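sharing a model that was predicted from the sequence below.
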Amino acid sequence: MKSVFKKRKVFGSIIGFVVIAVVLKFVFFGSAASTSGAAQIPTDFQPNSTDIICEETGGLLCLPGDWHRWRGKNFDAIVIDSTLNLNWLESTPSVAWIFRYSGAGYSGPAVVGNTLYMSGAAQGQDFAFALDTRTGNLKWQQVLGDHFVQDYGDGPRGTITVDGDKLYLVRGGGQVHCLKAIDGAMVWQRNFVADFGGKIMGPWGYSESPLVDGDLVICTPGGKRGTMVALDKNTGATVWVTSDWTDDAGYSSPIVAEVGGVRQYIQQSSSGVSGVRATDGKLLWSVRVPGYRTAVIPTPIFHNNKVYVTSGYNAGCAGIALTASGDGTFHAEMLFNNRNMVNHHGGVVLVDGHIYGFSDPSGWTCQSLATGEATWSTGRARRPDGLGKGSILAVNDRLLLLEEQSGTLVVISASPDGWQEHGRLELPERTAISSRNDMVWTHPVVANGKLYVRDQNVLLAFDLKR
């Protein structure tokens with residue numbers, strides 16, 4: 001009898017361990033099941049590359065309001081265009097068109113001239129594509145390889161960067177691609193893991209949008225061989241690796257800045273934020289930010305030799321002053337480090353000396369860049385008329401907020417005086433693709449008079465012209 005009980009006890013222990021293992025895998029590594037089964041790739045289109053390349057110059061046709069990379073021209077998520085309708089209390093924007101074949105993923109739009117570039121996943125494949133922004137018609141599509149699978153959402157995370165007649169993108173599995181803008185044809189590709197021993201700090205896939213600066217493509221594989229690398233934009237060949245900076249990669253994207261006449265790339269990683277010299281990747285300065293763990297996502301902000309960073313998972317934010325010495329060294333002084341802004345992945349913007357964004361403990365928040373003190377906040381508890389967590393974009397003197405759960409868009413004043421609303425817009429259509437949380441996580445983009453909002457396979461274009 002004792003042996004029977006002993007066997008039952010052992011069997012019960014095994015079952016318990018299996019259950020725990022399954023739960024831990026689901027929580028920390030996600031389900032292996034595809035979430036892009038509902039996504040489809042259109043098969044009945046005729047490729048049309050018109051209005052992409054200027055025959056006289058060989059370059060892309062550009063318009064003043066282009067949005068050619070993640071967070072726009074200056075990495076600041078700010079749009080300046082006096083012709084836009086930002087008073088939705090009087091007139092809400094109308095839908096210009098809807099494209100329903102974007103696939104699964106969180107890649108945002110990059111817009112140059114009358115062409116929009118984006119990437120997604122469907123039928124087991126990651127792919128890039130181009131649309132005519134006037135009609136929403138597909139110009140071309142290019143399959144890139146097996147899709148990245150994650151139960152929070154399959155497919156690419158990062159936004160395409162447009163440079164000249166080429167496109168650059170990073171996929172969820174760490175593949176880096178250079179494509180021709182005119183038809184999506186592959187020019188070259190590299191792999192963060194295979195080529196650089198890349199290591200990211202969590203299971204949710206590489207989410208970086210690559211930085212193209214001069215002849216270099218700057219990206220962040222992470223890991224012991226070097227956190228950041230520079231690739232030749234024409235060939236993909238390795239130019240340098242940051243051998244003296246070896247943090248694991250986060251989910252942030254790098255920016256470029258000049259301090260004391262020295263051009264440098266600033267990026268968040270698993271432990272904090274650092275700057276490396278553009279010419280050779282030498283580490284110039286590094287600040288370890290207390291509380292960084294799990295996932296570090298928002299893009300840094302640079303202004304007047306100050307760097308601002310924030311991260312979720314109870315980490316907080318920090319303001320850092322950079323000072324260049326005559327011998328080429330740099331001093332990084334932390335001006336403040338607090339939890340007045342704990343931004344998960346909706347991002348923050350800087351307008352007239354104030355940081356705006358959603359803070360997990362306190363809701364939508366306005367914070368002084370100079371002191372780090374909160375000027376106002378809406379509170380974390382969601383009221384019936386309140387707006388929950390989401391992403392942000394600055395447009396002229398106003399802020400466009402996109403709530404991640406409902407997809408509601410709200411326009412408010414970019415003012416330290418408090419919340420002043422100028423209207424709301426509900427998405428007329430949501431995706432049929434189901435992921436774990438069914439959130440609208442792609443940041444909105446405004447380019448050349450249109451507002452673009454992506455909910456997985458559904459890409460909506462709204463006319464913002466007055």
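Structure's in. What do you need? Numbers count the residues shown, from 1 in each chain.

can you give me the strands in the stretch 301-450 of the chain?
301-303, 306-311, 316-324, 330-338, 348-351, 354-359, 363-368, 374-377, 390-395, 398-403, 409-413, 421-425, 445-447, 450-455 (DSSP state E, counting those that start in this stretch).

closest to Gly164 out of these?
strand 445-447 (18.1 Å; CB to CB). (Each C-beta comes from the backbone N, C-alpha and C, glycine too.)

domain assignment for this protein?
For the chain, automatic domain parsing gives the domain ranges 1-30, 31-463.

looking at those domains, which one is packed in the most?
domain 31-463 (a mean of 20; mean count of other CB atoms under 10 Å).

how far off centre is it?
3 Å (CA atoms, centre = their mean, to the nearest Å).

where are the low-confidence patches of this structure?
Along the chain, segments meeting pLDDT under 70 span 1-38, 43-47, 49-59, 381-384.

for the residue most central in space within it, give me its contacts.
Most central in the chain under CA atoms, centre = their mean is Gly158, positioned 5.4 Å from the mean C-alpha point. With contacts taken as CB atoms under 8 Å, 6 or more residues apart in numbering, Gly158 has the following neighbours: 70, 107, 169-171, 206-210, 253.

I'd like those residues as a markdown table, with distance to Ala39 and secondary structure appended.
A markdown table is the format used below for these (distance: CB to CB, whole Å; DSSP: H, G, I helix; E, B strand; the rest coil):
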| residue | distance to Ala39 | secondary structure |
| --- | --- | --- |
| Trp70 | 22 | coil |
| Ser107 | 13 | coil |
| Leu169 | 18 | strand |
| Val170 | 20 | strand |
| Arg171 | 15 | coil |
| Tyr206 | 20 | coil |
| Ser207 | 19 | coil |
| Glu208 | 22 | coil |
| Ser209 | 21 | coil |
| Pro210 | 24 | coil |
| Ser253 | 25 | coil |
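
skip the chain neighbours and tell me the closest residue to Ile78.
With sequence-adjacent residues excluded and distances taken as CB to CB, 6 or more residues apart in numbering, Ile78 is closest to Ala394, at 4.4 Å.

for the one you found, what are its contacts?
Ala394 touches 76-79, 349, 351, 356, 400, 414, counting by CB under 8 Å, 6+ apart.

please name the bridge partners of it.
Ile78, Leu399 (DSSP bridges).

what do you get for Gly390?
Glu403.

if we can go back for a sec, relative to Gly449, how far out is the residue nearest to the centre of the chain?
Distance of Gly158 to Gly449, computed by CB to CB, to the nearest Å: 25 Å.

kindly report the same for Ala374.
Counting by CB to CB - Ala374 and Gly449 are separated by 34 Å.

next: Ser252.
30 Å.

with Gly153 instead?
For Gly153 relative to Gly449 (CB to CB), the value is 29 Å.

what do you get for Pro42?
26 Å.

other residues contacting stretch 87-103?
By CB under 8 Å, 6+ apart, stretch 87-103 touches 36, 39-42, 85, 118-122, 127, 129, 131, 135-136, 138, 155, 411, 422-425, 428-429, 450-451, 454, 456-464.

next step: the residues you listed restricted to strands.
If you go by DSSP state E, the contacts of stretch 87-103 have 118-122, 127, 129, 131, 138, 411, 422-425, 450-451, 454, 458-463 in strands.

from start to finish, how long is stretch 241-258 in a straight line?
20 Å (CA to CA, to the nearest Å).

over to stretch 160-178?
10 Å.

you'd agree Trp441 is up against Glu404?
Yes - taking CB atoms under 8 Å as the definition, Trp441 is a contact partner of Glu404 at 6.0 Å.

what residues do those two have in common as contacts?
With CB under 8 Å, 6+ apart as the test, Trp441 and Glu404 both reach Ser391.

for this protein, which segments are assigned as helices?
2-29, 192-196 (DSSP state H).

identify the residue nearest His345 in space, chain neighbours excluded?
Ile297 (4.2 Å).

could you double-check that Arg380 lies in contact with Gly363?
Yes - the criterion here is CB under 8 Å, and Arg380 meets it with Gly363 at 4.9 Å.

next, the distance between the ends of stretch 367-379.
14 Å.

stretch 164-184 now?
Span of stretch 164-184 from end to end, CA to CA: 14 Å.

isn't Leu399 up against Ala414?
Yes - counting by CB under 8 Å, Ala414 is a contact partner of Leu399 at 4.9 Å.

what do those two both touch?
Counting by CB under 8 Å, 6+ apart, the residues touching both Leu399 and Ala414 are 349, 351, 356.

what about the second one, distance to Cys317?
In this case it means Val351. From Val351 to Cys317 the distance is 16 Å (CB to CB).

Gly326 now?
For Gly326 relative to Cys317 (CB to CB), the value is 31 Å.

please apply the same query to Asp151.
For Asp151, the distance to Cys317 - CB to CB - is 29 Å.

now Val79
Val79 is 24 Å from Cys317, by CB to CB.

what's across from the nearest residue to Arg69 once chain neighbours are set aside in the sheet?
Nearest residue to Arg69, sequence neighbours excluded (CB to CB, 6+ apart): Thr161, at 4.3 Å. Applying DSSP bridges to Thr161 yields these beta-bridge partners: Tyr168.
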